[in-house]
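Engineer: With the input below, show me the fold.
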Amino acid sequence: MGTGTLDIIRRCRDAKLREPEFTDSSSFKTTIWRAKPPERIEVQSELLRGDLESKVLNLLTEGPLSRSELSEKLGHKKASGRLYNVIRDLLNDQMIQYTLPDKPRS
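Structural biologist: Numbers count the residues shown, from 1 in each chain. Sure thing, here's the model as predicted:
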């Protein structure tokens, strides 16, 4: 092996890559492996929920709004599952209340 080959091996190790493969059949071939793709970072839904929670509370300071009105003011086409969950949590935490408690779906 020439010094260039050893240099390639060293550089791959330094980069924490799998050791390259060298084959010599009809022609010389070097296979250098790529790094594994980075793991996807999952954004904690709690942080996103908190942001949506703040937006909902800010909108409700202007007056009562339905779910669909909240969704529209948030820039959504329709109420999402996240919005339903945030409203449910705010109701459970008694941070908001229904305008017609006897008719929660009205």
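Engineer: what's the domain layout of this protein?
Structural biologist: Using automatic domain parsing, the domain parsing of the chain gives 1-41, 45-92.
Engineer: most packed of those?
Structural biologist: domain 45-92 (a mean of 13; mean count of other Cβ atoms under 10 Å). The C-beta positions use only the backbone N, C-alpha and C, and glycine is treated the same way.
Engineer: What average pLDDT does that one get?
Structural biologist: Here domain 45-92 scores 84 as its mean pLDDT.
Engineer: excluding its backbone neighbours, what's nearest Lys78?
Structural biologist: Ser71 (5.9 Å; Cβ to Cβ, 6 or more residues apart in numbering).
Engineer: just how off-centre is the strand or helix carrying Thr30 within its chain?
Structural biologist: Element membership for Thr30, per DSSP states H and E: strand 28-31. Strand 28-31 has its C-alpha centroid displaced from the chain centroid by 39 Å (Cα atoms, centre = their mean, to the nearest Å).
Engineer: Need the residues that contact it.
Structural biologist: Contact partners of strand 28-31, identified using Cβ atoms under 8 Å, 6 or more residues apart in numbering, comprise Ile8, Pro20, Glu21, Phe22, Thr23.
Engineer: Just name the closest of the residues you listed to Lys55, please.
Structural biologist: Taking Cβ to Cβ as the measure, Lys55 lies nearest Pro20 of the contacts of strand 28-31, at 51.4 Å.
Engineer: Leaving out sequence neighbours, find the closest residue to the closest one.
Structural biologist: Distances taken as Cβ to Cβ, 6+ apart put Ile32 closest to Pro20, at 4.7 Å, once the chain neighbours are dropped.
Engineer: Then His76?
Structural biologist: Leu83 (7.3 Å).
Engineer: if I pick Thr5, what's in contact with it?
Structural biologist: Neighbour list for Thr5: Phe22 [criterion: Cβ under 8 Å, 6+ apart].
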